[in-house]
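Engineer: what follows is a predicted structure for the sequence shown.
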Amino acid sequence: MTISKAISDFLGRYRGIEIETEHIPDGSDRYGLFKSPGRDKKEYTDASYEVTEYYQLFARQTALSEQERKANDEWMENLTYWVDDYPLRYAYPELDKGRRILDISVTGTPCPMEAGDREALYQISLSIKYLREREGI
């Protein structure tokens, strides 16, 4: 399983949203996950290492009225709290290839990217930290 797939599956647990990878379809209530450039790596003496990667979740939502825009803001705020509280209630999804998720977090304030007459596109920055254990080294 790729890290992008693990994050999409993880976020899909929030109100059953479906997230596409490296694509956001037209229409409202559509979501796309995009990998950001950059990766932090911390090596350990046992040959394992910790990796932090960064992603952008884009949410295209209906924004015809002020009431809908406020509801979108509340949805993003609630998603942020859900991500924050998740490890206190549940275990992160399993990974393969000797990898284990240590943390998934929202790394900034969710914000609108663009607004049209009917929809708005919102961006949520995320990070994932995982441990990779090397075998046979």
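Structural biologist: Noted; the coordinates are in hand. Please read these numbers as outputs of a predicted model, since none were measured by experiment.
Engineer: going forward, measure contacts between C-alpha atoms and count neighbours the same way
Structural biologist: Will do.
Engineer: how many residues are close by the nearest residue to residue 58 once chain neighbours are set aside?
Structural biologist: For residue 58, ignoring the flanking residues on the chain, the nearest one in space by Cα to Cα, 6 or more residues apart in numbering is residue 123 at 4.6 Å. For residue 123, the tally of surrounding residues (other Cα atoms under 10 Å) stands at 21.
Engineer: which strands or helices does the helix-or-strand element of the chain with minimal mean pLDDT pack on?
Structural biologist: Here the helix or strand of the chain ranked lowest by mean pLDDT, DSSP states H and E is strand 111-115, holding a mean of 83. Here strand 111-115 touches strand 119-132, going by 3 or more Cα pairs under 8 Å, 6 or more residues apart in numbering; DSSP states H and E.
Engineer: send me the strand it packs on as CSV with only the CA atoms.
Structural biologist: Written as CSV, here are the backbone C-alpha positions of strand 119-132 (Å, rounded to 0.1, in the frame of the first residue of the first chain):
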residue,chain,number,x,y,z
GLU,A,119,-18.3,26.1,-5.5
ALA,A,120,-15.2,26.8,-3.4
LEU,A,121,-11.9,24.9,-3.4
TYR,A,122,-10.4,24.5,0.1
GLN,A,123,-6.9,23.3,0.9
ILE,A,124,-5.8,21.4,4.0
SER,A,125,-2.1,20.7,4.6
LEU,A,126,-1.2,17.4,6.2
SER,A,127,1.9,15.5,7.3
ILE,A,128,2.5,11.8,8.0
LYS,A,129,5.3,10.5,10.1
TYR,A,130,6.1,6.8,9.8
LEU,A,131,8.9,4.5,10.8
ARG,A,132,10.5,2.1,8.3
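Engineer: who does that strand touch, helix- and strand-wise?
Structural biologist: strand 49-62, strand 99-106, strand 111-115.
Engineer: got any ranges where the protein has weak pLDDT?
Structural biologist: The chain contains residues with pLDDT under 70 at 136-137.
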